[in-house]
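K.L.:
I would like the atomic coordinates for the input below:
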Amino acid sequence: MLSLRKKYKILIDYSDFNIHDAKRYFNGMTELEFTGKELYESVITCGMPYVLPTEKILISRIEEIMYKFYLLNTALEVDSHRYLIFSKKMHYLDSTECAYLNYYIGMFITKLVSSKIFGFDYLVHLNIVKRYMSVKFNSPKRPDLIAFNKYVNIYSIFEAKGRTRLDNRTLIKAKKQVQAIKYVNGAKPSNGIVSAVVHDNKSMVKCYLRDPEPKGSETLNIPKSLLIWLYYEPIYLLFKEEKNIEKCANCMNVPIRINDNETLTISMNTKLYQLLREYEESNIRNCYKHIDENFDEKFLEDFSKISEPLKME
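P.N.:
Next comes the predicted model:
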């Protein structure tokens, strides 16, 4: 199992960024270093839940988190120089099984680089937005993810890919997907980023990052309160369903065992939990179906008062 405390590295390859962004984000970077804790945080907070919660489908969120941890540690190992490499265990899997693991590793690493390189606090999958409101595209090309921060009206679009090798056809398709979005909530995306995570020729994890110029005309209008809710919802449900929550003055804690010697504790601010609970009970789907601006503004006002909503240690 990858350790919480140790540091790891992956290879980075970037292009298509303008001169300002290339210097701002990369400055000649060829690899990214991070802790195991940061990687596990990305696993917990990234992408799609493997089952969407509905009235008919109830799953344990702690089981989902552990499932993703096992996927991570099945797919990846570490070499003597602290680089993450794809495990030899993948050689014994068929192509469908490998594609499944590659997909998740692509998501996990994309969440990691969205934070570590591009400085985004939040990354939300557009497919889960459709549970609450209609998101229409005029073309079949659409990206996976939308990234944003708490206070500023800045967004970026991400398309995550996980592949054994990167072929031009996949890269061209991914570029078209991020190029399709012209505006997000009235603002031009700061970047439309393809994040393709592949096996390099030594089985090392390599992330190719591309930022093609937008060419499409699609507009996304998604209330930021909904995006924030969707980011926290799976973790909120974890706290809602757990029986053995450790409570202190300002937070609620759920410990998750990584290995025999390490435990990762997820801590949610009690004010955030109460806010999410109130908004869950206020018929969210109906509010967003009609785009209630007052609802959005009230949520953001209350959320802005919460310092350190979520932390892991």
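K.L.:
any idea where the helices of the protein begin and end?
P.N.:
When assigned using DSSP state H, the helices of the chain occupy the ranges 19-21, 36-45, 61-75, 95-116, 126-129, 168-179, 224-241, 270-280, 284-289, 293-304.
K.L.:
Which strands or helices does the third one pack on?
P.N.:
Helices and strands in packing contact with helix 61-75 are listed as helix 36-45, helix 95-116, helix 224-241, strand 251-257; criterion 3 or more C-beta pairs under 8 Å, 6 or more residues apart in numbering; DSSP states H and E. Using the backbone N, CA and C atoms, a C-beta is placed for each residue, glycine as well.
K.L.:
Any chance you could list what contacts it?
P.N.:
For helix 61-75, the external contacting residues (C-beta atoms under 8 Å, 6 or more residues apart in numbering) are 1-2, 39-40, 43-44, 49-51, 86-87, 89-90, 101-102, 104-105, 108, 234-235, 237-238, 241-242, 254, 256, 258.
K.L.:
For it, output the C-alpha coordinates as CSV.
P.N.:
The C-alpha trace of helix 61-75 is given here as CSV (Å, rounded to 0.1, in the frame of the first residue of the first chain):
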residue,chain,number,x,y,z
ARG,A,61,-19.6,5.5,1.4
ILE,A,62,-16.8,4.1,3.5
GLU,A,63,-16.9,1.0,1.3
GLU,A,64,-16.7,3.2,-1.8
ILE,A,65,-13.6,5.0,-0.4
MET,A,66,-11.9,1.7,0.5
TYR,A,67,-12.8,0.3,-2.9
LYS,A,68,-11.1,3.2,-4.7
PHE,A,69,-8.0,2.8,-2.3
TYR,A,70,-7.8,-0.8,-3.4
LEU,A,71,-8.0,0.2,-7.1
LEU,A,72,-5.2,2.7,-6.6
ASN,A,73,-2.9,0.2,-4.9
THR,A,74,-3.8,-2.6,-7.3
ALA,A,75,-2.8,-0.4,-10.3
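K.L.:
Strand 251-257 and that helix, what's the angle between them?
P.N.:
Interaxial angle, helix 61-75 versus strand 251-257 (axes from the mean of the first three to the mean of the last three C-alpha atoms, to 10 degrees): 40 degrees.
K.L.:
Quick check: mean pLDDT of helix 61-75?
P.N.:
What helix 61-75 shows for mean pLDDT is 93.
K.L.:
do the same with the last one
P.N.:
Along helix 293-304, the predicted confidence averages to a pLDDT of 85.
K.L.:
Next: the fourth one.
P.N.:
Looking at helix 95-116 alone, the average pLDDT works out to 96.
K.L.:
Give me the packing partners of it, helices and strands only.
P.N.:
Helix 95-116 packs on strand 31-35, helix 36-45, helix 61-75, strand 122-125, strand 145-148, strand 155-163, strand 191-199, strand 205-210, going by 3+ C-beta pairs under 8 Å, 6+ apart.
K.L.:
so which of those gets nearest residue 227?
P.N.:
strand 122-125 (5.1 Å; C-beta to C-beta).
K.L.:
strand partners of that closest one, parallel vs antiparallel please.
P.N.:
strand 145-148 (antiparallel) (DSSP bridges).
K.L.:
Check the offset of the strand it pairs with from the chain's centre.
P.N.:
Distance of strand 145-148 from the chain centroid (C-alpha atoms, centre = their mean, to the nearest Å) equals 8 Å.
K.L.:
List the contacts of it.
P.N.:
With C-beta under 8 Å, 6+ apart as the criterion, strand 145-148 contacts 47, 110, 114, 118, 120-126, 154-160, 184, 220, 222, 224, 227.
K.L.:
what comes up buried for stretch 238-248?
P.N.:
Residues 238, 239, 242 are the ones in stretch 238-248 that count as buried (16 or more other C-beta atoms under 10 Å).
K.L.:
Looking at those residues, spot the one nearest residue 33.
P.N.:
Nearest to residue 33, judged by C-beta to C-beta, of the buried residues of stretch 238-248 is residue 238 at 28.9 Å.
K.L.:
Could you dump the helices of the chain into CSV with distance to residue 11 added?
P.N.:
Output for these, formatted as CSV (distance: least, C-beta to C-beta, whole Å):
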stretch, distance to residue 11
helix 19-21, 20
helix 36-45, 15
helix 61-75, 16
helix 95-116, 11
helix 126-129, 28
helix 168-179, 16
helix 224-241, 28
helix 270-280, 36
helix 284-289, 40
helix 293-304, 37
